[in-house]
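J.: Predicted model and sequence follow; I will ask about them next.
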Amino acid sequence: MKKTILTALALTAILTPSTAQTSKTVRLKVIETSDVHGHFFPYDFMERKPLKGTLSRANTYINKERAKWGNDNLLLIDNGDILQGQPCIYWSNYVMPVSENLAASVINYMQYDAETVGNHDIEPGHKVYDKWIREVRCPLLGANIVKSGTTSKNNPASLISIYDGLQPYSIHYVDGVKIAIIGMLTPAIPNWLTENVWKGIEFEEMTSCAKKWVKYLKEVEHPDLIFGLFHSGKDGGIVTPDYEENATAAVAREVPGFDIIFFGHDHQVHNEWITNKDGERVLIIDPSCYVKNVAEAEIELTYKQGYLVKKDIKGEIVSVLDEEVDEQMVKHFQPHIDAAKDYVNKRIGTFESSIYTRDCFFGNAAFSDLIHNLQLSLTGADISITAPLSFNASIKAGNVTVADMFKLYRFENLLLVLRLTGEEIRKHLEMSYDMWTNQMKSPDDHIMLLNNEMKGDQQRMGFKYYTFNFDSACGIDYEVDVTKPDGQKVRILQMSDGTPFDEKKWYRVAMNSYRANGGGELLTHGAGIPKDSLANRVIYCSELDQRHYLMEEIHRLGKVNPRPNNNWKFVPEEWVKPAIERDRKLLFGK
C-alpha cells in the first residue's frame, strides 16, 4: 500500500532555452532511497527473522514504476549510509573483503543512476570505502568531499580537487531535458570519527560549496533542472562557527537554483517546500531510514518554441513495507544471504540471564553494565563510559551468537582510553543526564526529558535528545538527583573499589571512538575540553572495531551472567520510582 503525504504544486514560468525543442511536455520521475544501513534483503540478520521493507521490496515498486514511466524517464538515486547496519554488510566489509562489496553489488544490480556518500560510509575506513567507490558503477557524488589542502572558500569550483573516484555532480538526460545532481555529505565527520579514518580528506561547509557548484553548473552545463542529493538532515544537530551538521534547509534557502533537494541522515520523514531568498520554492524530501519508504518526485516540464515555460513538481513519500519481495533479486543474492546467515549463526558463548536495552534508560542495567565491564576488562581503564546504542533490543539467556553481538553493539566504533580529570568526568556526565532527564519539580513530573513530536524519530524515539548520547559510567559510584537544575544533578560518591574520587586527579577512561573524538559534544561542550586537544588525551586506541573485541572477550569467558553493577541511581527514590514506571509505559507501553 502507498502512503501519500500531500504536497503543494510548484508552478513557475521560466524562460530557459531548451535543447533544440519546439513545443512539448516532458514528464519524469525521481525515486530516492536513503540511510539503507544494510537493509538489502527481507531478512533481519540480527533478530534472525523476516524483515519488512528493505531494498528487495523497494525494487518491486521501482520496477513497476519503471514499467509505467519507462526506464529513460525514471531516475533512481541513493543518499548514502549504506555500508553500515545489518550484519550482512559487516560480513562483506570485513569478513569477505576480497569479493565485490555487497553494497556495490546491490546498487549495481538495481541500476541506480547516482549515489552520494554518508557518514557511516566513511566510518569503515579507507580500505573499505575506497574499494566500494571503485566498485559502484553509477556516479558517486561528493562535491564537498575534497582532497586535503585543496579546499578554500575563495577557490572557484573548477579548482577544487574532489576525492578520488567521486564526482561533484552528475548529468542525466530525459527526453532532451538536462538534469544536474549535486551530491554533498554533512561536514561534521571530524566530530565523530578519528582522523585516520578520513586521512587525506576535508569536508567543505555545505552552503558555500553549493553556491560554487550551482554557479559552475549554470555557467558551464546549463541544466534545465538542478537537484541536490544531500546526506545531511533538514536542520539542527551539531552547529559550529564553521558549519552545520544538518544544512539542507539552509542550502535550500540560501542557494537559489535548486529545484529539489533529496536528503537524509536525520532518519526522519520530510516532504515540504522552502522559499529561497529569491522567492522561488524548493522541494526538500527525505524518506527516513531502513527502506521503509522511498521519496519520490514527479516532474512535468512544458516547453514552447524551445523555451521552458512551466515546471510542475510534486513530492510524495511512498511506503514499501508491504510490497511483494523481488524474488528474482533475492535469488540472485542467495549465496551472499546464505553465507551471511552462516556467519551470524556462529555461537560465541552463553548468557545465563537476558538483557534489555530499555532498562538502560531508567537506571543501572545489565545490558549497559556488561559493555562497561567488558571495556574495563579489555583496557584496564579506571572508568568506563557508554550509552545505549539501540532503543529496544534484547539478548535472551542461552546461546549467544554473532548476530546477538550486533544488538549488543550496533556500530563499528573503535575502543579508546583517554586521560580525563575527575572534574571533566563529572561535567561529561552532567551534560549526559541533562539531555536525558527532566528536572522534576513535583512527584508528578516526568523523570525523562521527553518530546512527543520525536516519537517517529528513529534516533530519539520520544526523547528530546539523541538516546545514543545518554552516557552512564562504571568504576565510580554516583547519584543523579533529578530535582536539581542542569549542571548540578551528578554527585560522585567514590570509586567503586571504595577509594576516594578526586576531581583534580587524572583517570584513565574507556569509551568508543565516536565519543572520544567529540561526538555528542559531551567531552567538548560538557567537559570543556577543546576539540583540538582530544587527540592528545588518547593513551590507547584499538586496531579493530569494538564489537570484534567484545565478541572475543565473551568467547574467552564462555559463560557470562550479566547483572547490573548498581553503582549509580536516580534520586530521590520516593519520587523517581513512580516516575520511572509512568515514563516507561509512555515509551514502551505496558
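T.: Arrived safely. Residues are numbered from 1 along each chain as shown.

J.: Neighbours of residue 589, how many?
T.: As a burial measure, residue 589 scores 6 neighbours (other Cβ atoms under 10 Å). Using the backbone N, CA and C atoms, a C-beta is placed for each residue, glycine as well.

J.: Oh, that last question was meant for residue 419, not what I typed.
T.: By the measure other Cβ under 10 Å, the count of residues near residue 419 is 13.

J.: Please name the spatially closest residue to residue 280 (chain neighbours excluded).
T.: residue 256 (6.1 Å; Cβ to Cβ, 6 or more residues apart in numbering).

J.: Is that neighbour in a helix, a strand, or coil?
T.: coil (DSSP: H, G, I helix; E, B strand; the rest coil).

J.: and if you look at residue 271?
T.: From three-state DSSP, the assignment for residue 271 is strand.

J.: Just to check, it is in contact with residue 316?
T.: Yes - counting by Cβ atoms under 8 Å, a contact exists between residue 271 and residue 316, whose distance comes to 7.1 Å.

J.: What ranges in the stretch 401-550 of the chain fall below the confidence cut-off?
T.: Residues of the stretch 401-550 of the chain meeting the criterion pLDDT under 70: 452-461.

J.: for the stretch 151-300 of the chain, same thing?
T.: 151-155, 159.

J.: now the strands: where do they sit in it?
T.: 169-174, 177-185, 201-203, 225-231, 260-263, 269-275, 281-287, 293-304 (DSSP state E, counting those that start in this stretch).

J.: May I see those arranged in TSV, with mean neighbour count and distance to residue 521 as well?
T.: Formatted as TSV, the strands of the stretch 151-300 of the chain follow (neighbours: other Cβ atoms under 10 Å; distance: least, Cβ to Cβ, whole Å):
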stretch	mean neighbour count	distance to residue 521
strand 169-174	19	32
strand 177-185	26	20
strand 201-203	21	17
strand 225-231	28	20
strand 260-263	28	23
strand 269-275	17	24
strand 281-287	24	24
strand 293-304	21	30
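
J.: Put together CSV for the ones you listed, with distance to residue 485 on each row.
T.: Listed next are the strands of the stretch 151-300 of the chain as CSV, based on distance: least, Cβ to Cβ, whole Å:
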stretch, distance to residue 485
strand 169-174, 49
strand 177-185, 38
strand 201-203, 36
strand 225-231, 37
strand 260-263, 36
strand 269-275, 34
strand 281-287, 36
strand 293-304, 40
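
J.: among those strands, which is nearest residue 389?
T.: Nearest of the strands of the stretch 151-300 of the chain to residue 389, taken as Cβ to Cβ: strand 225-231 at 20.1 Å.

J.: what's the distance between the closest one and the middle of its chain?
T.: Put simply, strand 225-231 sits 18 Å off its chain's centre (Cα atoms, centre = their mean, to the nearest Å).

J.: Now do the phi/psi pair for the closest residue in space to residue 390 that isn't next to it in sequence.
T.: In this structure, residue 390 finds its nearest non-sequential neighbour in residue 357, 4.8 Å apart by Cβ to Cβ, 6+ apart. Backbone torsions of residue 357, given as degrees, to the nearest 10, read phi -70, psi -30.

J.: Would you confirm that residue 357 contacts residue 387?
T.: No - using Cβ under 8 Å, residue 357 is not in contact with residue 387; the gap is 10.3 Å.

J.: what is in contact with those two at once?
T.: Common neighbours of residue 357 and residue 387 (criterion: Cβ atoms under 8 Å, 6 or more residues apart in numbering): residue 368.

J.: Which secondary structure state does residue 540 sit in?
T.: Taking three-state DSSP, the label given to residue 540 is strand.

J.: and the residue nearest to it when sequence neighbours are not counted, what does it touch?
T.: Distance criterion Cβ to Cβ, 6+ apart; nearest residue to residue 540, sequence neighbours excluded, is residue 417 at 4.0 Å. Taking Cβ under 8 Å, 6+ apart as the criterion, residue 417 is in contact with 379, 381, 508-511, 538-540.

J.: Now restrict these to buried residues only.
T.: 379, 381, 508-511 (16 or more other Cβ atoms under 10 Å).

J.: Pull the most distant pair out of those.
T.: Most distant of those, by Cβ to Cβ, are 508 and 511, 10.7 Å apart.

J.: Identify the bridge partners of residue 476.
T.: Per DSSP bridges, the residues bridged to residue 476 are residue 495.

J.: and it, how far is that from residue 502?
T.: 11 Å (Cβ to Cβ, to the nearest Å).
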